[in-house]
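[1] here is the input, now give the coordinates:
(one chain, ligands or ions: 1)
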Amino acid sequence: MTIQWFPGHMAKARRQVQEKLKLIDVVIELADARIPHSSRNPMIDEIVTSKPRLMLLNKADLADDKKTREWIQFFQTKGIKTLAIDAQSGKGMKQIVEACQGLVKEKWEKMRAKGVVSPRAIRVLIVGIPNVGKSTLINKLAKRNLAKTGDRPGVTTAQQWIKVGKELELLDTPGILWPKFEDQQVGLRLATTGAIKDTILNLQDVAVFALRFLSTHYPVEFKERYQLDEIPDEIVDLFDEIGKRRGCLMGGGMVDYDKTSELVLREIRGGKVGKLTFEVPSDWENSHT
Ligand code: G4P
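    Numbers count the residues shown, from 1 in each chain. Presented below is the predicted three-dimensional model:
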């Protein structure tokens, strides 16, 4: 499986984020709590060198709570302040302001020492890969509905600051970074959670990955959702059982594997199978941050 990867896009996105960094005090990096490693830009550490960073694991409502705690621990031991949030409902978001205040404390103290009586609001940039929830988070923080900005790195609009209470000012256009399909696993995880479009990878390959993952890591939830007494060893038998049970059939009563794949992935993405996390810190212990 080869995934098209555009180095030109990457370089441009990187330049745009670096431009914005000049204006801000804190970077909020958004990752998907279900795939906290695969949903990051692998060069983020090189891109954001000089600014304090807050990591938000978004869509925590869909992720395995125990694994989310492990991931928070993992990032914190690497020195990155991390919170789990659900930007759709706003859960976990109350702590964002306080976390940002903690991150600029030293800088603000220095400003006070120089005689700045009341330092200004903390200026924040949100960065993350497409679909991770950047617009949802900005809207929730701003308490209003802003149009979603384009995902193409070439799109430029006039930048505006959005006030979040008295404490924060948010750049209205987030920094869009791209995931990198370092290996097949990363691509499959991004596809399973819906971070990349279904046309990029073969749908059945993604479903095979997802079904195998659920069989191994979440057998109880998986069996319950699809009313399976046992999970068949052969993947084709598993497709057949689910397809038949859920009526994903072609003419002649044969199971339609594309339809079955679509159904299973839709249900996984929508949280119907349970709260799922598709990677654990030990998968990535020796990689960057
Ligand atoms: P982006 O700006 O980073 O590209 O992402 P965006 O906010 O557009 O969010 C992408 C999708 O993820 C949206 O769903 C959004 O509703 C959903 N989302 C964002 N945050 C959360 C969260 O914390 N939990 C859950 N469960 N979903 C979240 P969509 O299907 O594209 O649109 P819609 O369903 O909102 O209409």
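[2] near the ligand, which residues of the stretch 101-250 of the chain?
    Contacts of the stretch 101-250 of the chain with the ligand, taken as CB under 6 Å from any ligand atom, map to 128, 130, 131, 132, 133, 134, 135, 136, 148. In short, each C-beta sits where N, CA and C put it, glycine included.
[3] ok now do the fourth one, which residues does it touch?
    Contact criterion CB atoms under 8 Å, 6 or more residues apart in numbering gives 30, 31, 32, 39, 58, 59, 195 as the residues in contact with residue 132.
[4] now the residue nearest to it when sequence neighbours are not counted, what's its secondary structure?
    Excluding its sequence neighbours, the residue lying closest to residue 132 (CB to CB, 6 or more residues apart in numbering) is residue 30, at 4.8 Å. Of the three states, residue 30 takes strand according to DSSP: H, G, I helix; E, B strand; the rest coil.
[5] so which residues of the stretch 51-200 of the chain form helices?
    Taking DSSP state H, counting those that start in this stretch to define them, one finds helices in the stretch 51-200 of the chain at 65-77, 95-113, 134-142, 184-193.
[6] any chance of these in TSV, plus distance to residue 10 and mean pLDDT?
    Shown next, in TSV, are the helices of the stretch 51-200 of the chain (distance: least, CB to CB, whole Å; pLDDT from 0 to 100):
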stretch	distance to residue 10	mean pLDDT
helix 65-77	23	97
helix 95-113	27	94
helix 134-142	17	93
helix 184-193	15	94
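[7] which of those sits most buried?
    For the helices of the stretch 51-200 of the chain, ranked by mean neighbour count under the definition mean count of other CB atoms under 10 Å, the leader is helix 184-193 at a mean of 23.
[8] what lies in contact with it?
    Among residues not part of helix 184-193, those counted as contacts by CB under 8 Å, 6+ apart are 1, 3, 32, 34-35, 37-39, 179-181, 196, 198, 200-201, 205-206, 209-210, 213, 265, 268-269, 278-279.
[9] buried among those? Make that a ChimeraX selection.
    Selecting in ChimeraX just the buried members of these, where the criterion is 16 or more other CB atoms under 10 Å, is done with this command:
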select :32,34,35,37,38,39,179,180,181,196,201,206,209,210,213,265,268,269,278,279
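[10] looking at the contacts of helix 184-193, which are in helices?
    Under the assignment DSSP state H, the contacts of helix 184-193 contribute 205, 206, 209, 210, 213, 265, 268, 269 to helices.
[11] for residue 82, what are its contacts?
    Residues touching residue 82, when contacts are defined by CB under 8 Å, 6+ apart, comprise 54, 55, 56, 57, 71, 72, 75, 76.
[12] how close does the fourth one sit to residue 132?
    It refers to residue 57. Relative to residue 132, residue 57 is positioned 10 Å away (CB to CB, to the nearest Å).
[13] which neighbours do the two have in common?
    In the contact map built from CB under 8 Å, 6+ apart, the residues linked to both residue 57 and residue 132 are 31, 32.
[14] which one of the contacts of residue 82 sits closest to residue 159?
    residue 54 (20.1 Å; CB to CB).
[15] the closest one contacts residue 98, correct?
    No: with contact defined as CB atoms under 8 Å, residue 54 and residue 98 do not form a contacting pair (10.4 Å).
[16] now stretch 9-19: mean pLDDT?
    Taken as a whole, stretch 9-19 carries a mean pLDDT of 83.
[17] how about it: buried residues?
    So for stretch 9-19, counting by 16+ other CB under 10 Å, buried means 10, 13, 14, 16, 17.
[18] now do the helix or strand harbouring the fourth one: everything it contacts.
    Spelled out, that is residue 16. Assigned by DSSP states H and E, residue 16 belongs to helix 7-21. The set of residues external to helix 7-21 that reach it, using CB under 8 Å, 6+ apart, is 27, 43, 47-48, 50-51, 125, 127, 153-154, 156, 159, 171, 175-178, 180.
[19] try stretch 220-228
    Defining contact as CB under 8 Å, 6+ apart, one finds that stretch 220-228 is touched by 214-215, 229-231, 241-242, 245-246, 267, 272-274, 276.
[20] what about the helix-or-strand element of the chain with minimal mean pLDDT, near the ligand?
    The least trusted helix or strand in the chain, going by mean pLDDT, DSSP states H and E, turns out to be helix 7-21, with a mean of 82. No: for a cut-off given as CB under 6 Å from any ligand atom, helix 7-21 has no contacts with the ligand; the smallest distance is 13.2 Å.
[21] kindly report the same for stretch 47-63.
    Yes: applying CB under 6 Å from any ligand atom, one finds that stretch 47-63 is in contact with the ligand at 58, 59, 61, 62.
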